[in-house]
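# Model the following, please.
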Amino acid sequence: MKKILIIEDDQVVANVYRNKLAVDGYKAEVAPDGESGLKVMRSFQPDLIILDLMLPTMTGVEVIKQIRSETEFAKIPIIVFSNTYLTNHIQDAWRAGATKCLSKSSCSPKDFMDVVRQTVGDSGAMPIAQNPPPADAGDAAGKPGNLTSEKDSEFQAELRKTFIDNLPSTLYTLRFGLKELIKADNEMARLKQVYELYRRVHAVNGNAGLAGLAQIAHMASALEALLKEIYEKPKNINASSIRTVASAVDFLGVLFERGKLGEKQEALVSKILVVDDEAISRRAIVYALEKARLKSINVEEPQQALELLAENDFDLIFLDVDMPEMTGFELCAKLRALPQHKKTPVVFVTSLNDFDNRTNSTMAGGNDFIGKPFLFIELTVKALIYVMRARLQSRSAAVG
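Down below sits the predicted model:
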């Protein structure tokens with residue numbers, strides 16, 4: 001019987017995979033952190049290690065390095081769960097010796113088992129005796145003998161029901177964590193609350209991915225990356241980033257309340273306009289959008305932007321506030337006069353030093369602000385909120 005070690009601090013996720021492996025004939029052990037995982041590895045002698053990169057006290061990358069330093073385990077296959085927005089961590093995992101990286105937000109139990117079989121083969125256990133399936137067992141699925149696929153679908157449906165049933169308490173926990181972060185009055189307290197909120201969002205990301213709820217997993221994945229970034233760089237815990245975190249938690253609440261949580265998410269198709277007279281700032285915004293695979297057009301002159309707006313529809317607009325000839329506020333007022341852009345979301349990009357003054361003043365027809373210099377992932381989260389919200393609203397309008 002093939003043996004598999006799962007190093008995962010989220011016990012819900014770990015138990016799901018352990019149970020799934022057991023059903024398929026594998027022997028699995030679970031460790032909640034890197035240090036205990038290394039101890040279990042030495043005694044359990046697994047054929048494969050499944051590892052979450054985002055672990056407390058000892059990171060997944062550190063665990064991989066330690067595994068590869070021990071001769072006995074230097075060549076053991078290591079499959080890591082990662083967040084696609086944390087590209088630096090993924091690259092570090094590859095360099096440290098990971099065999100394969102899987103996205104936690106989009107990896108279903110079936111995908112997981114397929115990778116396990118491809119990596120170490122079948123379990124090696126004797127098949128469990130069972131009654132032969134009826135002659136027409138595969139007909140309903142369109143293929144003969146497709147019972148494994150049906151079981152996988154049933155398994156994921158059960159996970160989805162459990163996840164949805166727990167959404168009210170999950171949302172309460174997230175909102176409570178956000179409230180505590182906003183109330184924190186010193187750096188140590190803010191760091192503690194950022195970390196607590198990060199761990200909670202990390203769990204939402206993993207559980208939503210397991211349940212096949214792609215929209216929730218996608219949003220949670222980006223928010224998790226933002227929280228990790230500001231935790232590791234406390235100087236970026238400011239009015240702008242906290243405002244973005246709050247907006248993301250609120251939007252997760254919207255996603256939680258949606259009736260069609262089980263819909264498979266399609267690729268986000270978007271058309272975003274970026275207007276900024278500074279070339280470096282424009283490139284930074286475009287790069288942040290590309291992290292979420294969001295397409296954009298960028299221009300430096302407000303008048304050129306106005307001409308594009310008159311001829312094209314856009315899903316979202318980023319406007320620098322302080323531009324020569326025409327400010328972002330003035331451009332926003334003009335674009336609001338265009339019939340197709342009366343309600344197009346507009347996010348102003350402004351100096352961080354002036355952020356509080358901007359947010360306390362009139363929005364000049366805009367929907368939101370983000371402080372400059374901004375974190376790439378902060379702008380990514382902001383864009384995802386508006387693009388995904390617009391998609392939900394268009395679906396609701398179509399149904400209505």
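# now the stretch 201-350 of the chain, which segments are flagged as low pLDDT?
Within the stretch 201-350 of the chain, the stretches falling below the threshold (pLDDT under 70) are 259-267.
# so who does Val299 touch?
Contact criterion CB atoms under 8 Å, 6 or more residues apart in numbering gives Leu273, Val274, Val275, Ala305, Leu308 as the residues in contact with Val299. For every residue, glycine as well, the C-beta is placed using N, CA and C.
# what about the nearest residue to Leu223 once chain neighbours are set aside, which helix or strand?
The shortest distance from Leu223 to any residue that is not its chain neighbour, by CB to CB, 6 or more residues apart in numbering, is 4.4 Å, and that residue is Ala248. For Ala248, the element it lies in under DSSP states H and E is helix 239-257.
# I'd like to know which elements that helix is packed against.
In this structure, helix 239-257 packs against helix 167-183, helix 214-232, helix 355-360, strand 368-372, helix 376-399, with contacts taken as 3 or more CB pairs under 8 Å, 6 or more residues apart in numbering; DSSP states H and E.
# so which of these comes closest to Ala279?
Of all the helices and strands packed on helix 239-257, strand 368-372 sits nearest to Ala279, with 14.0 Å by CB to CB.
# Which strands border that closest one, and is each parallel or antiparallel?
Next to strand 368-372 in the sheet, as set by DSSP bridges, lie strand 346-351 (parallel).
# what residues go with each domain of the protein?
The domain map for the chain lists 3-131, 164-257, 272-399, with the assignment taken from automatic domain parsing.
# Next, the contact list for the spatially closest residue to Val347 that is not a sequence neighbour, please.
Nearest residue to Val347 in three dimensions, chain neighbours excluded: Asp368, at 4.6 Å (CB to CB, 6+ apart). Residues in contact with Asp368 (CB under 8 Å, 6+ apart) are Ser247, Pro345, Val346, Val347, Phe348, Lys382, Tyr386.
# Just the buried positions in stretch 59-71, please.
Thr59, Gly60, Val61, Glu62, Val63, Ile64, Gln66, Ile67, Arg68 (16 or more other CB atoms under 10 Å).
# of all the contacts of Val299, which comes closest to Tyr17?
Each of those was checked against Tyr17 using CB to CB; the closest is Val274, at 40.8 Å.
# Distance from the one helix or strand Tyr198 maps to to the middle of the chain?
Element membership of Tyr198 [criterion: DSSP H and E] is helix 187-211. When distances are taken as CA atoms, centre = their mean, to the nearest Å, helix 187-211 is centred 11 Å away from the chain's centroid.
# Give me the buried positions along that helix.
Neighbour counts using 16+ other CB under 10 Å place 190-191, 193-194, 196-211 of helix 187-211 among the buried residues.
# Stretch 293-300 now?
Taking 16+ other CB under 10 Å as the neighbour-count basis, stretch 293-300 is seen to contain the buried residues Leu294, Ser296, Asn298, Val299, Glu300.
# Can I get that stretch in CSV? Just the C-alpha atoms.
Once side chains and other backbone atoms are set aside, the C-alpha atoms of stretch 293-300 remain, and they are given as CSV (Å, rounded to 0.1, in the frame of the first residue of the first chain):
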residue,chain,number,x,y,z
ARG,A,293,-5.5,37.9,-16.3
LEU,A,294,-7.4,41.1,-16.8
LYS,A,295,-6.9,42.9,-20.1
SER,A,296,-6.4,46.6,-20.3
ILE,A,297,-5.6,49.6,-22.5
ASN,A,298,-3.4,52.3,-21.1
VAL,A,299,-3.0,55.9,-22.3
GLU,A,300,-1.2,59.0,-20.9
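# any idea how far that stretch is from the chain center?
Counting by CA atoms, centre = their mean, stretch 293-300 comes out at 22 Å from the chain centroid.
# The buried residues of stretch 293-300 into a markdown table, with extra columns for secondary structure and distance to Arg283?
Rendered in a markdown table, the data for these read as follows (DSSP: H, G, I helix; E, B strand; the rest coil; distance: CB to CB, whole Å):
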| residue | secondary structure | distance to Arg283 |
| --- | --- | --- |
| Leu294 | coil | 15 |
| Ser296 | strand | 11 |
| Asn298 | strand | 8 |
| Val299 | strand | 13 |
| Glu300 | coil | 11 |
